[in-house]
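Novice: What follows is a predicted protein model with its sequence.
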Amino acid sequence: MLAKLLGEAIKNLFEANFELKQFRGLVEWFEGGKTLLTGDRMPTADYVKKLNELPALKNAAMKFMDRPDLQPIRAKAESALLASVAEFILEGMHVQNRLNKSAKAGETTYRR
């Protein structure tokens, strides 16, 4: 029940802030057989480095981070915020049935 409510909340927030068509390149990247590992144990620097391979994801996350309400967080922890927003987008793509996800032991893998 809680997972379903969380999924609906993510879907609503994703739809309010993004358009699926802007992530066509991201979906194509995954359709090429690539995967993306995320999780609590991944160092932020590694996460940000990986985002350089996914410009559609990184650019959308950076644009989202321009919101005035996020500026205090961005000023203190920009890399961590970037990783969090990117993961929110990935989760949004998952609840929109554009990406598959598997979670295990604090790690999440996104794929197509």
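Specialist: Sure thing, it's come through. Numbers count the residues shown, from 1 in each chain.
Novice: In this protein, which helix is the longest?
Specialist: helix 71-95 (DSSP state H).
Novice: what's downstream of that helix, the next helix or strand?
Specialist: strand 100-104 (DSSP states H and E).
Novice: can you give me the angle that next one makes with helix 71-95?
Specialist: 110 degrees (axes from the mean of the first three to the mean of the last three C-alpha atoms, to 10 degrees).
Novice: re earlier: give me the contacts around the longest helix of the chain.
Specialist: The contact list for helix 71-95 (C-beta atoms under 8 Å, 6 or more residues apart in numbering) reads 7-8, 10-11, 13-15, 18, 20, 23, 26-27, 36, 38, 44-45, 47-48, 51, 57-58, 60-62, 64-65, 70, 99-101, 108, 110. Just so you know, the C-beta spots here come from the backbone N, C-alpha and C atoms, and that holds for glycine as well.
Novice: Phi, psi for the nearest residue to Asp40 once chain neighbours are set aside please.
Specialist: Once flanking residues are discounted, Asp40 sits nearest to Gly106: 4.9 Å by C-beta to C-beta, 6 or more residues apart in numbering. When read as degrees, to the nearest 10, the backbone of Gly106 gives phi 80, psi 10.
Novice: so who does Gly106 touch?
Specialist: Gly106 neighbours (C-beta under 8 Å, 6+ apart): 39-41.
Novice: could you check the distance from it over to Ile10?
Specialist: 19 Å (C-beta to C-beta, to the nearest Å).
Novice: Could you do Lys50 as well?
Specialist: Taking C-beta to C-beta, one finds Lys50 at 21 Å from Ile10.
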